[in-house]
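*Asks:* need a structure here:
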Amino acid sequence: MRDVLLNHQIWWLAILMLIVFVAGFFQSAAGFGFSLFAVPVGAMIVTPRDIVVTIFLTSCVISLALTRTQREHIVWREAKRLSIGAVVAMPLGVWLLQSGSASMLRLILGISTTAAALWSLAVARRLHRPWVDSNLFGGLVGAVSGVLNTSLSTNGPPLVIYLQGRRLRPEEFRATISFVFSVSNAVGLVMLLGGNAVHVVDVQLFGTTLLAAGIGTALGFRQAAKINQQYFGLMVNTLLLLGGLTSLVKALFG
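*Replies:* Numbering: from 1, shown residues only. Got it, this is the predicted structure:
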């Protein structure tokens with residue numbers, strides 16, 4: 001296993017730190033977006049497998065911190081059904097991570113990110129009726145997020161779409177999704193460690209970028225109440241779309 005601090009130039013690491021800084025800001029200000037932004041963009045610098053695991057490790061810390069600061073706004077009914085579904089489906093995601101090739105993983109990253117961004121830009125804002133209040137439906141959404149969490153470290157899209165459809169208030173949305181992220185990440189971390197999916201290079205990248213992610217998260221949390229959520233959401237989803245398209249182009253054309 002290569003030594004990241006020797007084989008990656010300092011300026012590449014600086015760019016990666018900037019990526020996780022911006023991703024942390026998005027995560028705390030909008031409630032989601034850390035992995036959706038950091039994984040496809042970061043995959044342009046390091047291998048898709050390495051960036052997936054590195055961002056997963058970082059998101060474990062970020063989501064736990066956000067959950068603790070917003071716990072009084074958690075909608076427990078939604079949090080429980082989504083978390084249970086996610087935990088049940090996570091082993092499948094670990095298997096996909098271990099068996100997928102780098103090019104295929106990059107292609108999946110591009111497709112999932114682009115689809116999520118297009119949905120948010122063109123469809124989600126037009127929904128006028130809430131999703132059905134069903135434990136089964138919520139559990140299925142959680143299951144999809146669980147597979148994405150341990151395989152691609154991008155479990156946000158199904159959760160975001162579902163919770164938007166449930167018409168939660170902004171503070172409830174951010175708190176509930178942060179709780180689901182925390183539970184999913186805690187269980188997923190155990191599974192990744194048990195499956196020997198965490199390598200030395202992942203821990204090195206995690207240690208290098210954690211401070212930048214923490215600073216971005218803190219700034220985003222302080223600015224959340226001051227940001228026009230409609231225009232901020234448009235900006236976030238536009239950046240996600242660009243990141244997804246970039247990954248698709250690289251996967252298809254090299």
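
*Asks:* what comes into contact with stretch 55-75?
*Replies:* 20, 23-24, 27-28, 34-35, 38-39, 42, 149-150, 153, 168-169, 171-172, 174-176, 178-179, 181-182, 185-186, 188-189, 192, 198, 202-203, 206, 209-210, 213-214, 217, 221 (C-beta atoms under 8 Å, 6 or more residues apart in numbering). To be clear about C-beta, it is placed using only N, CA and C from the backbone, and glycine gets the same treatment.

*Asks:* mind checking which of these are in helices?
*Replies:* In helices, judged by DSSP state H, the following of the contacts of stretch 55-75 are found: 20, 23-24, 27-28, 34-35, 38-39, 42, 149-150, 171-172, 174-176, 178-179, 181-182, 185-186, 188-189, 192, 202-203, 206, 209-210, 213-214, 217, 221.

*Asks:* hmm, back to that, can you tell me which of the contacts of stretch 55-75 are buried?
*Replies:* 20, 23-24, 27-28, 34-35, 38-39, 42, 149-150, 153, 168, 172, 174-176, 178-179, 181-182, 185, 188-189, 192, 198, 202, 206, 209-210, 213-214, 217, 221 (16 or more other C-beta atoms under 10 Å).

*Asks:* flag the shaky bits of the chain, pLDDT-wise.
*Replies:* 1-8, 100-103, 105-106, 123-132, 153, 228-230, 232-233, 235-236, 254 (pLDDT under 70).

*Asks:* let's see it at 50
*Replies:* Applying pLDDT under 50 to the chain flags the ranges 1-2, 5-6.

*Asks:* what about the residue nearest the centre of the chain, distance to Ala43?
*Replies:* Centroid check for the chain by C-alpha atoms, centre = their mean gives Ser35 as the closest residue, at 2.9 Å. Note on Ser35: its distance to Ala43, by C-beta to C-beta, to the nearest Å, is 11 Å.

*Asks:* thinking again about what came up before, can you pull the contacts of the residue nearest to the centre of the chain?
*Replies:* Neighbours of Ser35 in contact, by C-beta under 8 Å, 6+ apart: 23, 55-56, 59, 152-156.

*Asks:* out of the residues you listed, which is most surrounded?
*Replies:* Greatest neighbour count in the contacts of Ser35, by other C-beta atoms under 10 Å, goes to Asn155: 32 neighbours.
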